[in-house]
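Enquirer: Sequence first, predicted coordinates after that:
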Amino acid sequence: DSGVTQTPKHLITATGQRVTLRCSPRSGDLSVYWYQQSLDQGLQFLIQYYNGEERAKGNILERFSAQQFPDLHSELNLSSLELGDSALYFCASSPRGGSYNEQFFGPGTRLTVL
Amino acid sequence: AQSVTQPDIHITVSEGASLELRCNYSYGATPYLFWYVQSPGQGLQLLLKYFSGDTLVQGIKGFEAEFKRSQSSFNLRKPSVHWSDAAEYFCAVGTTSGTYKYIFGTGTRLKVLA
């Protein structure tokens, strides 16, 4: 158990819909990362937050957005969903924001778009 | 551009045999280097990391990796594989200057034969 929690575990929705994925980092970790894992794209970094502020952006679509709240939990919002958005979405956390940090991964949220 | 290559998508070894998983990176300086393991249905877990110093690093579960600057490689090894090592293994690099980047390879899926 990494100490990172993600809810929900599974999500099934229809094209065009909007969903919110939630992540609680390990106690004391200030940085949260979001990743998308799919069979064809592998593990893709989406976005990083550090202590409430956006720190780095990866391959995140404009239809996706994220935020980190004062209690350090984070939410990833996916809107206008397409079939291709079906994937496993991981949240990870680390004590600080540098790329030297080990990242602790949550169990993931499996999103299925029908 | 920075990149990480894991040339072997699948590897099958017999239990008790030795293992080497290859990882090559492209980066202008020496990056931070990581190996993660993902068991089925789970998030990623750090096996080991290299920042500087001794180029042979020891990790958890009996794994080790060797950084070879001349070959831009960071191969993962284990002298004797156990059935429980069956999983997917990801090499990752973190940039050491400039814009934050944390890039994962495409992964190598390890199958262990009894």
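Expert: Sure thing, it's come through.
Enquirer: what residues does the least confident helix or strand in chain B by mean pLDDT touch?
Expert: Lowest mean confidence among the helices and strands of chain B (mean pLDDT, DSSP states H and E): strand B:102-104, at a mean of 86. Counting contacts by C-beta atoms under 8 Å, 6 or more residues apart in numbering or on different chains, the residues outside strand B:102-104 that touch it are A:33, A:35, A:42-43, A:45, A:99, A:103, B:2-4, B:36, B:90-95. C-betas here are computed from N, CA, C, even on glycine.
Enquirer: Starting from it, tell me which strands it pairs with and how they run.
Expert: According to DSSP bridges, strand B:102-104 has the following sheet partners: strand B:87-94 (antiparallel).
Enquirer: Figure out the helix or strand that B:Q45 lives in.
Expert: Secondary-structure assignment from DSSP states H and E places B:Q45 in strand B:44-50.
Enquirer: For the following helix or strand past that strand, name the packing helices and strands.
Expert: Stepping forward along the backbone from strand B:44-50, the first helix or strand reached (DSSP H and E) is strand B:56-58. Judged by 3 or more C-beta pairs under 8 Å, 6 or more residues apart in numbering or on different chains; DSSP states H and E, strand B:56-58 is in contact with strand B:44-50, strand B:64-68.
Enquirer: ok so, going back, quick one, the helix or strand just after the least confident helix or strand of chain B and strand B:87-94 angle?
Expert: Remark: after strand B:102-104, the chain's next helix or strand is strand B:108-113, criterion DSSP H and E. Going by axes from the mean of the first three to the mean of the last three C-alpha atoms, to 10 degrees, strand B:108-113 is angled at 150 degrees with respect to strand B:87-94.
Enquirer: what bits of chain B have low per-residue confidence?
Expert: Across chain B, the stretches falling below the confidence threshold (pLDDT under 70) are B:97-100.
Enquirer: Buried ones in stretch B:48-58, by neighbour count?
Expert: Judged by neighbour count (16 or more other C-beta atoms under 10 Å in any protein chain shown), stretch B:48-58 contains these buried residues: B:L48, B:K49, B:Y50, B:V57.
Enquirer: So what touches it?
Expert: Judged by C-beta under 8 Å, 6+ apart, the contacts made with stretch B:48-58 from elsewhere in the structure are A:100, A:102, B:30, B:32-35, B:59-60, B:63-69, B:74, B:76.
Enquirer: ok, for B:Y50, nearest residue in space, not its chain neighbours?
Expert: Spatial nearest neighbour of B:Y50, excluding adjacent residues (C-beta to C-beta, 6 or more residues apart in numbering or on different chains): B:L33 at 4.3 Å.
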